[in-house]
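any chance you could fold what I've pasted below:
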Amino acid sequence: MAARLIWMFLDDADVAHALKLLDEKDPGVVASNGRYLKGDPRALLENPSVLERRESVPGERRVVLFHRVHSRDIVVHEQPAGPFAGWSQIDEERSDCLVLRLGDAQAGKLEPARLYAHTNFWRGNDQTKKHHPFTKWVNASLKLLLRALPSTSVRFMHIGPSARRRAIAGELELTYLFRAIAPQPPPGPLALPVIQAPAIQAPPGTIESESSLADADEGASS
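The predicted structure follows:
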(Lines give C-alpha, C1' and ligand atoms only; values in the text may rest on other atoms or scores of the structure.)
Protein backbone atom coordinates (compact mmCIF):
# COMPACT_ATOMS: atom_id res chain seq x y z
CA MET A 1 0.00 0.00 0.00
CA ALA A 2 1.36 3.41 -0.96
CA ALA A 3 1.88 5.81 1.91
CA ARG A 4 1.24 8.79 -0.37
CA LEU A 5 -1.06 8.58 -3.40
CA ILE A 6 -2.85 11.00 -5.71
CA TRP A 7 -5.07 10.26 -8.73
CA MET A 8 -4.90 12.23 -11.98
CA PHE A 9 -6.26 11.95 -15.52
CA LEU A 10 -3.21 12.63 -17.68
CA ASP A 11 -2.70 12.25 -21.39
CA ASP A 12 0.83 12.24 -22.83
CA ALA A 13 0.97 16.04 -22.99
CA ASP A 14 -0.11 16.24 -19.35
CA VAL A 15 2.57 13.78 -18.26
CA ALA A 16 5.23 16.01 -19.81
CA HIS A 17 3.57 19.06 -18.22
CA ALA A 18 3.50 17.47 -14.75
CA LEU A 19 7.16 16.44 -14.94
CA LYS A 20 8.09 19.96 -16.04
CA LEU A 21 6.21 21.45 -13.08
CA LEU A 22 7.99 19.14 -10.64
CA ASP A 23 11.44 19.92 -12.03
CA GLU A 24 10.79 23.66 -12.13
CA LYS A 25 9.73 23.56 -8.48
CA ASP A 26 12.81 21.60 -7.37
CA PRO A 27 15.36 21.02 -10.18
CA GLY A 28 16.96 17.59 -10.25
CA VAL A 29 14.03 15.32 -11.14
CA VAL A 30 15.10 12.31 -13.24
CA ALA A 31 12.40 10.27 -15.01
CA SER A 32 12.80 6.73 -16.32
CA ASN A 33 10.25 4.33 -17.80
CA GLY A 34 9.65 0.76 -16.64
CA ARG A 35 10.04 -1.26 -13.46
CA TYR A 36 12.80 -3.61 -14.68
CA LEU A 37 16.30 -2.64 -15.73
CA LYS A 38 19.65 -3.95 -16.91
CA GLY A 39 22.79 -2.06 -15.94
CA ASP A 40 24.07 -0.10 -12.97
CA PRO A 41 21.02 1.10 -10.99
CA ARG A 42 22.90 4.24 -9.90
CA ALA A 43 22.42 5.44 -13.48
CA LEU A 44 18.79 6.05 -12.50
CA LEU A 45 20.02 9.21 -10.77
CA GLU A 46 22.19 10.50 -13.57
CA ASN A 47 21.55 9.04 -17.01
CA PRO A 48 18.79 6.39 -17.16
CA SER A 49 18.98 6.36 -20.96
CA VAL A 50 22.02 4.05 -20.71
CA LEU A 51 19.87 1.37 -19.05
CA GLU A 52 17.70 -1.22 -20.75
CA ARG A 53 14.18 -0.92 -19.36
CA ARG A 54 11.06 -3.10 -19.46
CA GLU A 55 7.58 -2.90 -18.01
CA SER A 56 6.26 -5.54 -15.63
CA VAL A 57 2.99 -6.41 -17.38
CA PRO A 58 1.45 -5.57 -20.78
CA GLY A 59 -0.85 -2.59 -20.90
CA GLU A 60 0.78 -0.75 -18.03
CA ARG A 61 3.38 2.00 -17.92
CA ARG A 62 5.46 3.23 -15.04
CA VAL A 63 7.45 6.45 -14.97
CA VAL A 64 9.83 6.18 -12.01
CA LEU A 65 11.00 9.53 -10.64
CA PHE A 66 14.17 10.02 -8.65
CA HIS A 67 15.76 13.26 -7.48
CA ARG A 68 19.49 13.82 -7.82
CA VAL A 69 19.65 15.55 -4.41
CA HIS A 70 16.86 14.02 -2.33
CA SER A 71 16.96 10.37 -3.46
CA ARG A 72 19.56 8.53 -1.42
CA ASP A 73 18.54 4.86 -1.54
CA ILE A 74 18.00 2.86 -4.70
CA VAL A 75 17.13 -0.79 -4.03
CA VAL A 76 16.78 -3.37 -6.80
CA HIS A 77 16.35 -7.15 -6.80
CA GLU A 78 18.00 -9.29 -9.44
CA GLN A 79 15.62 -11.80 -10.98
CA PRO A 80 17.23 -15.26 -11.08
CA ALA A 81 14.51 -16.99 -13.10
CA GLY A 82 11.31 -16.45 -15.04
CA PRO A 83 10.55 -14.07 -17.92
CA PHE A 84 12.74 -11.35 -16.34
CA ALA A 85 15.75 -13.55 -15.56
CA GLY A 86 18.88 -11.43 -15.71
CA TRP A 87 16.95 -8.22 -15.12
CA SER A 88 16.64 -6.27 -11.86
CA GLN A 89 13.36 -5.05 -10.41
CA ILE A 90 13.14 -1.66 -8.70
CA ASP A 91 11.92 -2.02 -5.12
CA GLU A 92 9.35 0.79 -5.03
CA GLU A 93 8.85 0.53 -1.27
CA ARG A 94 12.48 0.80 -0.22
CA SER A 95 13.80 3.06 -2.98
CA ASP A 96 13.60 6.85 -2.70
CA CYS A 97 11.33 7.32 -5.68
CA LEU A 98 7.98 8.60 -6.83
CA VAL A 99 6.14 6.33 -9.26
CA LEU A 100 3.67 7.52 -11.89
CA ARG A 101 1.63 4.50 -12.89
CA LEU A 102 -0.32 4.92 -16.12
CA GLY A 103 -3.03 2.64 -17.45
CA ASP A 104 -3.14 1.30 -20.97
CA ALA A 105 -4.12 4.06 -23.38
CA GLN A 106 -7.20 3.25 -25.45
CA ALA A 107 -8.50 5.28 -28.37
CA GLY A 108 -10.81 7.98 -27.05
CA LYS A 109 -10.69 6.77 -23.44
CA LEU A 110 -8.52 7.60 -20.45
CA GLU A 111 -8.23 6.02 -17.01
CA PRO A 112 -6.68 7.85 -14.05
CA ALA A 113 -2.98 7.64 -13.40
CA ARG A 114 -1.62 7.17 -9.88
CA LEU A 115 1.36 9.07 -8.52
CA TYR A 116 2.61 7.48 -5.32
CA ALA A 117 5.56 7.07 -3.00
CA HIS A 118 6.37 5.05 0.08
CA THR A 119 7.74 7.30 2.82
CA ASN A 120 8.05 4.36 5.22
CA PHE A 121 7.96 0.59 4.89
CA TRP A 122 7.51 -2.48 7.08
CA ARG A 123 9.64 -5.57 7.36
CA GLY A 124 8.00 -7.94 9.82
CA ASN A 125 7.11 -5.91 12.89
CA ASP A 126 9.69 -3.22 12.19
CA GLN A 127 8.84 0.05 10.48
CA THR A 128 11.54 2.06 8.73
CA LYS A 129 10.97 5.73 7.94
CA LYS A 130 12.79 7.20 4.98
CA HIS A 131 15.05 10.17 5.48
CA HIS A 132 13.43 13.59 5.85
CA PRO A 133 14.71 15.31 2.66
CA PHE A 134 13.08 12.62 0.52
CA THR A 135 9.77 12.75 2.40
CA LYS A 136 9.80 16.55 2.17
CA TRP A 137 10.31 16.35 -1.61
CA VAL A 138 7.46 13.84 -1.95
CA ASN A 139 5.06 16.00 0.03
CA ALA A 140 6.03 19.17 -1.87
CA SER A 141 5.58 17.36 -5.20
CA LEU A 142 2.12 16.07 -4.32
CA LYS A 143 1.05 19.45 -2.96
CA LEU A 144 2.21 21.15 -6.14
CA LEU A 145 0.12 18.90 -8.39
CA LEU A 146 -2.91 19.07 -6.10
CA ARG A 147 -2.77 22.85 -6.43
CA ALA A 148 -2.01 22.94 -10.15
CA LEU A 149 -4.55 20.38 -11.40
CA PRO A 150 -8.29 20.92 -10.84
CA SER A 151 -10.64 18.22 -9.61
CA THR A 152 -13.05 16.24 -11.76
CA SER A 153 -16.59 15.24 -10.77
CA VAL A 154 -14.86 12.87 -8.30
CA ARG A 155 -13.22 15.19 -5.82
CA PHE A 156 -10.04 13.18 -5.22
CA MET A 157 -9.39 12.67 -8.95
CA HIS A 158 -7.60 15.59 -10.58
CA ILE A 159 -7.04 16.27 -14.26
CA GLY A 160 -4.34 17.74 -16.47
CA PRO A 161 -5.07 20.72 -18.76
CA SER A 162 -4.79 18.78 -22.03
CA ALA A 163 -7.03 15.91 -20.90
CA ARG A 164 -9.54 18.38 -19.45
CA ARG A 165 -9.71 20.37 -22.68
CA ARG A 166 -10.18 17.22 -24.76
CA ALA A 167 -12.80 15.77 -22.39
CA ILE A 168 -14.86 18.99 -22.38
CA ALA A 169 -14.70 19.03 -26.19
CA GLY A 170 -16.03 15.47 -26.27
CA GLU A 171 -12.84 14.06 -27.77
CA LEU A 172 -11.93 11.98 -24.71
CA GLU A 173 -13.98 9.87 -22.30
CA LEU A 174 -12.76 9.69 -18.71
CA THR A 175 -13.46 6.35 -17.03
CA TYR A 176 -12.83 4.64 -13.73
CA LEU A 177 -14.06 1.10 -12.93
CA PHE A 178 -16.33 1.26 -16.00
CA ARG A 179 -17.91 4.52 -14.79
CA ALA A 180 -17.92 7.78 -16.70
CA ILE A 181 -16.21 10.66 -14.90
CA ALA A 182 -16.97 14.28 -15.82
CA PRO A 183 -13.91 16.49 -16.41
CA GLN A 184 -15.02 19.09 -13.87
CA PRO A 185 -17.04 19.23 -10.64
CA PRO A 186 -20.82 19.21 -11.06
CA PRO A 187 -22.57 22.59 -11.08
CA GLY A 188 -24.55 23.92 -8.15
CA PRO A 189 -27.56 22.16 -6.60
CA LEU A 190 -30.05 24.00 -8.84
CA ALA A 191 -28.41 22.82 -12.06
CA LEU A 192 -28.58 19.34 -13.56
CA PRO A 193 -25.10 18.02 -14.41
CA VAL A 194 -24.64 16.07 -17.61
CA ILE A 195 -22.86 13.32 -15.69
CA GLN A 196 -23.76 12.86 -12.04
CA ALA A 197 -20.73 12.61 -9.78
CA PRO A 198 -20.47 8.90 -8.90
CA ALA A 199 -20.14 8.03 -5.22
CA ILE A 200 -16.61 6.65 -5.24
CA GLN A 201 -14.72 6.20 -2.01
CA ALA A 202 -11.07 7.19 -2.11
CA PRO A 203 -8.84 4.07 -1.96
CA PRO A 204 -6.53 3.69 1.06
CA GLY A 205 -3.53 6.00 1.01
CA THR A 206 -5.19 8.56 -1.25
CA ILE A 207 -4.28 12.17 -0.56
CA GLU A 208 -7.40 14.20 -1.31
CA SER A 209 -6.13 17.64 -0.30
CA GLU A 210 -3.21 19.41 1.32
CA SER A 211 -4.92 19.05 4.70
CA SER A 212 -5.20 15.28 4.30
CA LEU A 213 -1.49 15.23 3.43
CA ALA A 214 -0.80 16.97 6.74
CA ASP A 215 -2.99 14.39 8.51
CA ALA A 216 -1.02 11.58 6.90
CA ASP A 217 2.22 13.13 8.15
CA GLU A 218 0.83 13.37 11.65
CA GLY A 219 -0.27 9.73 11.59
CA ALA A 220 3.09 8.59 10.28
CA SER A 221 4.93 10.40 13.07
CA SER A 222 2.81 8.96 15.86
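
name the residues of the lengthiest strand in the chain that come out as buried.
If you go by DSSP state E, the chain has its longest strand at strand 60-67. Across strand 60-67, burial judged by 16 or more other CB atoms under 10 Å covers 61, 62, 63, 64, 65, 66, 67. Heads up, the C-betas are built off the backbone N, CA and C, glycines and all.

now these as JSON lines including pLDDT and distance to residue 81?
Converted to JSON lines, these look like this (pLDDT from 0 to 100; distance: CB to CB, whole Å):
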{"residue": "61", "pLDDT": "91", "distance to residue 81": "25"}
{"residue": "62", "pLDDT": "93", "distance to residue 81": "22"}
{"residue": "63", "pLDDT": "96", "distance to residue 81": "27"}
{"residue": "64", "pLDDT": "96", "distance to residue 81": "23"}
{"residue": "65", "pLDDT": "97", "distance to residue 81": "29"}
{"residue": "66", "pLDDT": "97", "distance to residue 81": "28"}
{"residue": "67", "pLDDT": "98", "distance to residue 81": "33"}
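
what's the longest helix in the protein?
helix 132-148 (DSSP state H).

next helix or strand past that helix?
strand 157-159 (DSSP states H and E).

who touches whatever helix or strand comes next after that next one?
Going down the chain from strand 157-159, the next helix or strand is helix 161-168, by DSSP H and E. Applying CB atoms under 8 Å, 6 or more residues apart in numbering, the contact partners of helix 161-168 are 9-11, 13-14, 17, 110, 149-150, 159, 172-174, 182-184.

and the nearest residue to residue 92 once chain neighbours are set aside, what's its pLDDT?
The shortest distance from residue 92 to any residue other than its chain neighbours is 5.5 Å, reached at residue 99 (CB to CB, 6 or more residues apart in numbering). Per-residue pLDDT puts residue 99 at 97.
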